[in-house]
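**Student:** Output the structure for:
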Amino acid sequence: MLYKPLDRKAAREQLLFMSGKTHHLHSAVAIARNAKVLIRFVRSVSMTMRVLSETMIERYLDAAGDGIYASVGGYQLERTGIHLFSRIGGDQSTILGLPMVQTLDSLRKLELVVA
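**Tutor:** Numbering: from 1, shown residues only. Model prediction:
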């Protein structure tokens, strides 16, 4: 299981573990009103990381800075972390924490968004 690394060593270990592998990230949404769940869904994204050498990982950690500690897996896809991946299958907003297209569609169905 991936987590937000507590320190540089933990970030390095996670990146080495994921090097050359595909992992899946899941983001769940629930929309509720008056304690009743109206809509819920999960969206998943597959992410294939390039094969990374220890030197590449060190350069990435230097460039990324302290932001890696706020990101599950130690990568920030919206910043320099995009360089770590060879393939991403799915919606980038899901990776960032909220599948926007599906969430907005759900809100429209509930007539909570009119755009």
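**Student:** Can you show me the strands along the protein?
**Tutor:** 22-33, 36-49, 85-89 (DSSP state E).
**Student:** Columns distance to Gly65 and mean neighbour count on top of these, output as JSON lines?
**Tutor:** Using the backbone N, CA and C atoms, a C-beta is placed for each residue, glycine as well. Supplementary listing: those in JSON lines, determined by distance: least, Cβ to Cβ, whole Å; neighbours: other Cβ atoms under 10 Å:
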{"stretch": "strand 22-33", "distance to Gly65": "22", "mean neighbour count": "13"}
{"stretch": "strand 36-49", "distance to Gly65": "20", "mean neighbour count": "14"}
{"stretch": "strand 85-89", "distance to Gly65": "19", "mean neighbour count": "13"}
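**Student:** want to throw those strands into TSV with mean pLDDT and distance to Thr55?
**Tutor:** Converted to TSV, the strands of the chain look like this (pLDDT from 0 to 100; distance: least, Cβ to Cβ, whole Å):
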stretch	mean pLDDT	distance to Thr55
strand 22-33	93	22
strand 36-49	95	16
strand 85-89	94	18
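**Student:** Averaged over its residues, which helix or strand of this structure has the lowest pLDDT?
**Tutor:** Among the helices and strands of the chain, helix 92-95 carries the lowest confidence by mean pLDDT, DSSP states H and E, at a mean of 88.
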